[in-house]
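> any chance you could fold what I've pasted below:
(one chain, ligands or ions: 1)
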Amino acid sequence: MTTPHFGTIAALSTIAVITGLFIRYPDCALFDQHRKDIPHIKGDPLIGNLMAVSKNKNRYFEYVLEVYEALDTMTFRSSSLGIPSGISTVDPKNIDHVCRANFQNYVKSENFRHIFHDVLGEGIFNTDGESWRLQRKTSSQIFHVKNFQTAFTSIFVSHVQTLSNEILENAVNHHQAVDFHDLMLRFTMDTFVEIAFGVKLNSLLEDQDFAGSFDAIQQDHYRRIIFPLHGLIRNLQDTFTSQKTIKQHIQTLDDFIYGIIKERRLKHEKSPEMDTETYKTDLLLRFMKAKSPSGEPYSDKELRDTMLNLVIAGRDTSAQTIAWFCYSVMNHPQVQEKLLEEIEQFITDDIEQDTVALYEAIQKMKYAHAVLYEVLRLYPSVPSNRRQALNDDLLPDGTHVKKGDEVIFQPFCQGRHEKVWGPDAKQFKPERWINSEGNLVRAESGKYIVFHMGPRICLGQNMATLEVLLTMSMLLKKYKLTRVPGHRVEFLNQVTLSMKDGLQVNVERRNPVLQTI
Ligand code: HEM
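The predicted structure follows:
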């Protein structure tokens, strides 16, 4: 009778091991341990905070803010089975340390690089070290004042005109509401594709495969960050459904971009002199003529990665900022009134024909800048970001970081945290950005990281500011925009802070006699 005896021993051993694991990991993930010096939330045995994260996946950043508030802290550590554990912080001193003072010790996390690799490849967002430095140097050459005054401003103006003449006028005439969030995604897709590739995509007026695939991939990436098993489940679903798979979406992007690269190379070979003018503004040509990080001319793959990184960097972030800007001013009539006064003062009727004057006028609009800063403080387009430590480190608040730890900082939680912004942190008050002399104030280092900070600060900050303020100034000057009653605006958590069901807006002409911009 040896078998039952052996079976009993095996069963008892299994129970003993499981009991041991429950005792060892009573409120954190298997093989992880809470750290004595860092506040943490109690989770479930063996899985830690996995259930809470999963339950809150559709309101993830609001949940994280609640954790900060419940623990009454600016730094905590979470432990969830299957999700790389990280030290979350909104403490400005810690963020300044990670992003600037000890920049060399923190790189893009392996997990991030892996998830984004099929789309971002070896582009600026997904690299560190020498490759990143060289790409940054080449890209930054396009963001100079002359390009802003002429090329970028006129591209933005022409697309606002298309939006107004082809879409909003129609909405006014037929008393139809528009989804402003969707329109902005289309609008910025068109502006960025034109700036990056010199090509008119026209997604404002027609659905484009490129834009649809771009959106599908972005959503997939976010789900993989939040829920690591998503990749596996999605691969299984892809096998059984007839819908376009992520691989096919990536193929759509590749076909579009490689097609443009091929065309441009041919055109350049035939008549290089034709490119002299576009060279100043068209990023693709600029990179074609530069040396890649390998010291050789850029290959097609390197060009594809570089250009896609720029479109990804600029498109959703800018679109969502314009949508949150519109939402915020519609909700705050006094802010809108003050903003309109400034628009009337600076954006004169004929200024749209003179891009240099328009660009200069927007630089002078202090209140509009204050509104934008406040919109981004509460609705940061990049709500969360992270870096991985190459070596052990000590953060200014005394938190020990171990080699391989991820330090996560959430601009969304930081902007709404009373310990950082005071008791009125959650209120929309553009006035907080203007001092008693009427000048714009700068936040202390590490406190306002919506465009990141330090050597990897956003390259497109000025371009985004120009696009948001120019678009909203031109639209608000001409149209009265109001929320459709009953339409609820909710967050859609993605890599960028989106609106779940869009932003339904009613449009009326301010001056019924004026018909076109
Ligand atoms: C409101 C709009 C925008 C916001 C809130 C924003 C925010 C950010 C943030 C937080 C980062 C840091 C990402 C990281 O390193 O993990 C970043 C990087 C970057 N942004 Fe933006 N961005 C905006 C618009 C743009 C635009 C319009 C462009 C231009 C095409 C752009 C180009 C870049 C580039 C190239 C980087 C990478 C910089 C580097 O790693 O050295 N961004 N941006």
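> which strands and helices lie in contact with the strand or helix carrying residue 232?
Element membership for residue 232, per DSSP states H and E: helix 230-240. With contacts taken as 3 or more CB pairs under 8 Å, 6 or more residues apart in numbering; DSSP states H and E, helix 230-240 sits against helix 209-226, helix 246-270. Where C-beta positions appear, they are placed from N, C-alpha and C, glycine not excepted.
> what's in contact with the first one?
In other words, helix 209-226. 53, 57, 60, 83, 111-112, 115-116, 119, 185-186, 189, 193, 201, 203, 230-231, 234, 244, 246, 248-250, 252-253, 256, 311-312, 315-316, 493-496 (CB atoms under 8 Å, 6 or more residues apart in numbering).
> now that helix against helix 230-240, angle please.
For helix 209-226 against helix 230-240, the angle by axes from the mean of the first three to the mean of the last three CA atoms, to 10 degrees is 130 degrees.
> measure stretch 167-182 end to end?
Distance across stretch 167-182, first residue to last, is 12 Å (CA to CA, to the nearest Å).
> which helix or strand contains the residue nearest to residue 386 when sequence neighbours are not counted?
Once flanking residues are discounted, residue 386 sits nearest to residue 408: 4.4 Å by CB to CB, 6 or more residues apart in numbering. Taking DSSP H and E as the criterion, the element that holds residue 408 is strand 406-409.
> adjacent strands (with direction) for that strand?
Each strand that pairs with strand 406-409, with its direction, by DSSP bridges: strand 83-89 (parallel), strand 385-389 (antiparallel).
> what about stretch 396-405, start to end distance?
OK, stretch 396-405 end separation, CA to CA: 16 Å.
> for that stretch, buried residues please.
For stretch 396-405, burial by neighbour count (16 or more other CB atoms under 10 Å) applies to 396, 399, 401, 405.
> if we can go back for a sec, what are the contacting residues of the strand holding residue 408?
Strand 406-409 is contacted by residues 84-90, 94-95, 98, 106, 109, 111, 384-389, 395, 401, 449 when judged by CB under 8 Å, 6+ apart.
> neighbours of the residue in the stretch 351-500 of the chain that the ligand sits nearest to, how many?
Per CB to the nearest ligand atom, residue 460 is where the stretch 351-500 of the chain lies closest to the ligand, at 1.9 Å. Residue 460 is flanked by 20 other residues according to other CB atoms under 10 Å.
> without its sequence neighbours, what residue ends up closest to it?
residue 314 (5.1 Å).
> next: residue 299.
Leaving aside its chain neighbours, residue 299 sits nearest to residue 292 (7.0 Å; criterion: CB to CB, 6+ apart).
> mind showing which ranges of this structure have poor pLDDT?
When residues are selected by pLDDT under 70, those of the chain lie in 1-4, 226-231, 242, 272-281, 512-517.
> same thing but at 80, please
Along the chain, the model assigns pLDDT under 80 to residues 1-5, 83-85, 141-142, 144-150, 221-243, 268-283, 286, 292-294, 493-494, 511-517.
> give me the buried positions along the longest helix seen in it.
Secondary structure of the chain per DSSP state H: the longest helix is helix 300-331. Neighbour counts over helix 300-331 (16+ other CB under 10 Å) mark 302-330 as buried.
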